[in-house]
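Peer 1: next one to model:
(chains A, B and C)
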Amino acid sequence: MNNLLWLIPVLPLFGFLILGLTGKHLSRFWVAIIGAGSVSLSAIITFIVGISFLALPPASGHYSQTLWTWIQVADFNSRITLFLDALSLVFVFVITFVGALIHIYSVAFMAKDKDYSRFFACMNLFVFSMLLLVLADNLLLLYLGWEGVGLCSYLLIGFWYENPVNGYAARKAFIITRVGDTAMAIGLFVIFYQFGTLVISDVLVKAPALWHQGASMATVTALLLLAGGVGKSAQLPLQTWLPDAMAGPSPVSALIHAATMVTAGVYLIARMHVIFQLSPVAQMIVATIGAATLVIAGFSALTQYDIKRVLAYSTISQIGYMFLALGIGAWTAAIFHFMIHAFFKALLFLAAGAVIEALHHEHNMFKMGGLKNKLPVIFWTFLIGSASLAALPLISAGFYSKDQILWYTWASRDGNPLFWFIAFLGALITAAYTTRMMILTFWGEAKTEPGHQPGKLMTIPLIILAFFSVFAGFIELPHNFGHFRPFSNLLQQILPETVLKTTLNSELLFQLLAFLATFGGIYLAYVFYYKQPQRIEKLRQSKLVKNLYIFWFSGWGFDQFYQVLVVKPIVFIASINKNDVVDKIYQGIELVTERLYRFLSFTQSGSLRWYIMGLVVGAIIILSIQIML
Amino acid sequence: MKSSISIEMIMLLAALLFVLGLVGVVIRKNIIFMLLAVEIMLNASGLAFVAAGSRWAQPDGQVMFIFILAMAAAEVSVGLALILQIYHQHKSLDIDKLKEMKG
Amino acid sequence: MRSHPLIYIACYLKMDIAFYTTALVTVISTVMVITRHNPVHALLYLVISLLSLSLIFFLLGAPFAALLEIIIYAGAIMVLFIFVIMLLNLGKETAKQEKEWLKPKVWIGPAILSIILFVELFYLIMMAHAVPYSLQIVNSKVVAISLFGPYLIGVELAAMLLMTGVVGAAHIGQHKKIVLHRFLKEEEPL
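Peer 2: This next block holds a predicted model:
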């Protein structure tokens, strides 16, 4: 099974190459077959490899396949090696499986677009890069995948490039993640300097030997890696790009900005957990960032009117949960939440895309309504996805993952009650904005009539994802429901067990509190938006509420803050240097040449007498040289 | 009887005639006058050759002069034929009017 | 007669006097060539210049060259010029045009440059330290032997050159018949 590993990333790569080079000449049918088929084949192979991995676990705990040596300079050796252990397996499974479903969905969704082949080429390249990221055995290869997904994100956000707003959003995303990427690159330099190797397993073995607990180098490295993760995963302070990235098509938002790319930061931190564990300061910072982000994004989501922006802020918020979990040492809980989140968030984005398309590209929720009966399949799948997001108890998968995180914020050794309270508040707000979204879109009177029903290619992936949003949670039941924890058991080989500080008796209490948060949020939204909408009108009168609304709507003013802090000075400096000083040297050369040309072109006047004069002058000059020498 | 004309004087005379011919070429606008001045220059160089040949008592100087003469004859005939054609086409003998370059 | 010292001196000097006067005539007539307005005047002055130059050749002891100068240069080439002037009908208008064209601002620049050139040539010629030799007579017999001997190929080439000149001049000078369309032909004057 080792030998099949390379097929998993390479099939989408082939898809990209074929579509990128010849896509324009292929018919739509073939583009769809190659584009969606490559990822689907990858998913099937993942299943095969995964089943053999689970049934017959390898002795070393991982599969490894070396393809060739990439760079070999002095002591530095970087091989293209694919490394599959339990952590990578979870990620690869999500990427290929959810990716395949999204590709199948896009076959129908993008059917009328004129750049059909370019879309699938970019999506395939993205899947390849992401797979390379999670299958990399050394940090250099991981960085290659990291950059690749950044590139594809740029290409796909600005997919409809004729509209300059999309181009601006794509540039914003790329530049902001670049900040994080640079920090991460510096982190890689530090790691190489300290350990002399970038192979992940070697680094994780050497790190505790070199650094003691709480070493400053460990903190520095961990913080640099964290910066990379923060950029890619849209956490504080680099979270401003994700809402604008919704300018891309809905399948792009589903794949890149919900399920996979934004979780690259989570993967990085989980993978390099040894370094983070060596630095409690860094872990505290991770948890703080996660907590702050989740509450900020939650409040922002409560005020948005564009359905995709609600989901974008929701993504930021949920990844905040994952970071929080990583920070307090709940490693497997974070990965579990990642997997469940991938399912329901992809589902929500795809369903939202279907709604938008059915309503002729109407994004504003306040102009939707009454779609409950008009688009039944979408309604039910959206409902299931929202239930998972709001962590509806027991029946949705989201409950199991989020509840675990909430429990660990209280019970883990590194957790503390403040974190628990913030997570609790976040859960309440999540339920509130989710219900708000549902009500505005599907209940009430229809303000826009849907055009046509979505086809089978769009609804079948939705149904599959909905199924997983309900049933995937059952592979990790909480402790008081029985000790059925196959997911954690699988990951225990890689990620450490979460250390608890209290007994497990009070878990039921916290579960009940979680119930409370969810239902409380649902009830609040129900009251304000369905039952008594006049309450909103009353709230709008209050000046405080209005200002608060504007503040939350703009994402807590981060965009404006960055505009003043970063954008304006750089644009100012660029505009000062508009007549580039360095350029002047080259312009000077050009100017001199041109002047010389003009001067000399006089000598070619075509007038015979002028030429004779030239001869005379030349003779004089030669004779004078003769005289002088 | 030996003559005492120094060779430098003759060369000077040749140089003077040459320069005068040069002046004539440059000042004049009419092609015929320019050709005339060219003849003066050719003559001057012929004088130099003959004087040199006489100084070394060798016939080479005069042979060279004969060749110059032949060349001058051929050149003048072709040149004058060209001038006739130019006059035919441009109706003017002004050398500045024959300039076809723009600027 | 030759024993008298004065006559001896006179004989000795007369070469120099003859040379310098002839040289003076040459220079003056050359200056006149380049400054006349009327083309025929210029031509005539050039003929005088050539004749005096021929006399200088005699004084230098090169009779063959002198004769050739008169026969070919003054005799043939100048006649060519006269023919062309006659063909082109260059007369009073040309003289008037030349007068316009020869304004001082035209000839000041070239004159200055040429003076500079002459000064340099003067300097270079005077700088050469030559042992004073006297000039000897090289008569036609010697020249002829040289032409039929070492310089035979030169003669052949000169002949070819002359042929080129003849053929070229004949070809360039021919008038092409311009055939006008009958509607474009001018009406014959009655």
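Peer 1: buried residues, stretch A:597-610. List them.
Peer 2: Residues of stretch A:597-610 classed as buried: A:608, A:609 (neighbour count, 16 or more other Cβ atoms under 10 Å in any protein chain shown). Quick note: C-beta positions are derived from backbone N, CA and C, even for glycine.
Peer 1: I should have written stretch C:87-101 there, sorry.
Peer 2: C:88, C:90, C:94, C:97, C:98, C:101.
Peer 1: in chain C, where is pLDDT below threshold?
Peer 2: Residues of chain C that meet the criterion pLDDT under 70 lie in C:1-15, C:177-180, C:184-190.
Peer 1: for it, which residue gets nearest to chain B?
Peer 2: Residue of chain C nearest chain B, by Cβ to the nearest Cβ: residue C:165 (2.9 Å).
Peer 1: contacting residues around that residue?
Peer 2: By Cβ atoms under 8 Å, 6 or more residues apart in numbering or on different chains, residue C:165 lies in contact with B:73, B:74, B:75, B:77, B:78.
Peer 1: so which helix or strand takes in it?
Peer 2: helix C:152-172 (DSSP states H and E).
Peer 1: can I get the buried residues of stretch C:87-101 in a markdown table including distance to residue C:107 and secondary structure?
Peer 2: As requested, the buried residues of stretch C:87-101 are exported to a markdown table (distance: Cβ to Cβ, whole Å; DSSP: H, G, I helix; E, B strand; the rest coil):
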| residue | distance to residue C:107 | secondary structure |
| --- | --- | --- |
| C:88 | 24 | helix |
| C:90 | 21 | coil |
| C:94 | 18 | helix |
| C:97 | 16 | helix |
| C:98 | 12 | helix |
| C:101 | 10 | helix |
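Peer 1: out of the residues you listed, who's nearest residue A:132?
Peer 2: residue C:101 (84.3 Å; Cβ to Cβ).
Peer 1: please name the nearest non-neighbouring residue to that closest one.
Peer 2: Spatially, and ignoring its direct neighbours in sequence, residue C:101 is nearest to residue B:29 (4.7 Å; Cβ to Cβ, 6 or more residues apart in numbering or on different chains).
Peer 1: I'd say that neighbour and residue B:94 touch.
Peer 2: Yes - Residue B:29 lies in contact with residue B:94 (Cβ atoms under 8 Å); the separation is 5.5 Å.
Peer 1: the more surrounded of these two?
Peer 2: residue B:29 (19 against 14; other Cβ atoms under 10 Å in any protein chain shown).
Peer 1: look up phi and psi at that one.
Peer 2: phi -100, psi -20 (degrees, to the nearest 10).
Peer 1: before we move on, back to that, which parts of the helix holding residue C:165 are buried?
Peer 2: Within helix C:152-172, the residues scored as buried using 16+ other Cβ under 10 Å are C:154, C:158, C:161, C:165, C:168, C:169, C:172.
Peer 1: tell me the spacing between the nearest residue to the third one once chain neighbours are set aside and residue B:17.
Peer 2: The reference is to residue C:161. Nearest non-adjacent residue to residue C:161, counting by Cβ to Cβ, 6+ apart: residue B:74, 5.1 Å away. Between residue B:74 and residue B:17 the distance, using Cβ to Cβ, to the nearest Å, works out to 22 Å.
Peer 1: so for those two, which residue has more residues nearby?
Peer 2: More crowded of residue B:74 and residue B:17, by other Cβ under 10 Å: residue B:17, with 24 against 20.
Peer 1: show me what contacts that one?
Peer 2: Residues in contact with residue B:17 (Cβ under 8 Å, 6+ apart) are B:40, B:41, B:43, B:44, B:47, C:26, C:27, C:30.
Peer 1: if we can go back for a sec, so which of the contacts of residue C:165 is the most crowded?
Peer 2: Going by other Cβ under 10 Å, residue B:77 tops these with 22 neighbours.
Peer 1: could I get the full set of helices for chain B?
Peer 2: Remark: helices assigned in chain B by DSSP state H are B:7-27, B:31-55, B:60-90.
Peer 1: now the shortest one and helix B:31-55, what's the angle there?
Peer 2: Angle, helix B:7-27 to helix B:31-55, by axes from the mean of the first three to the mean of the last three Cα atoms, to 10 degrees: 170 degrees.
Peer 1: so residue A:83 lies in a strand, does it not?
Peer 2: Yes - applying DSSP: H, G, I helix; E, B strand; the rest coil, one finds residue A:83 inside a strand.
Peer 1: dump the residue contacts of the nearest residue to it once chain neighbours are set aside.
Peer 2: Spatial nearest neighbour of residue A:83, chain neighbours left out: residue A:137 (3.6 Å); criterion: Cβ to Cβ, 6+ apart. Counting by Cβ under 8 Å, 6+ apart, residue A:137 touches A:64, A:79, A:81, A:82, A:83, A:199, A:200, A:201.
Peer 1: show me which of these are buried.
Peer 2: Here, 16+ other Cβ under 10 Å leaves A:64, A:79, A:81, A:82, A:83, A:199, A:200 buried among those.
Peer 1: export the residues you listed as a markdown table, with columns for pLDDT.
Peer 2: Shown next, in a markdown table, are the buried ones among the contacts of residue A:137 (pLDDT from 0 to 100):
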| residue | pLDDT |
| --- | --- |
| A:64 | 84 |
| A:79 | 85 |
| A:81 | 87 |
| A:82 | 89 |
| A:83 | 88 |
| A:199 | 89 |
| A:200 | 88 |
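Peer 1: distance from stretch C:56-66 to the middle of the chain?
Peer 2: Remark: stretch C:56-66 is offset 15 Å from the chain centroid, using Cα atoms, centre = their mean, to the nearest Å.
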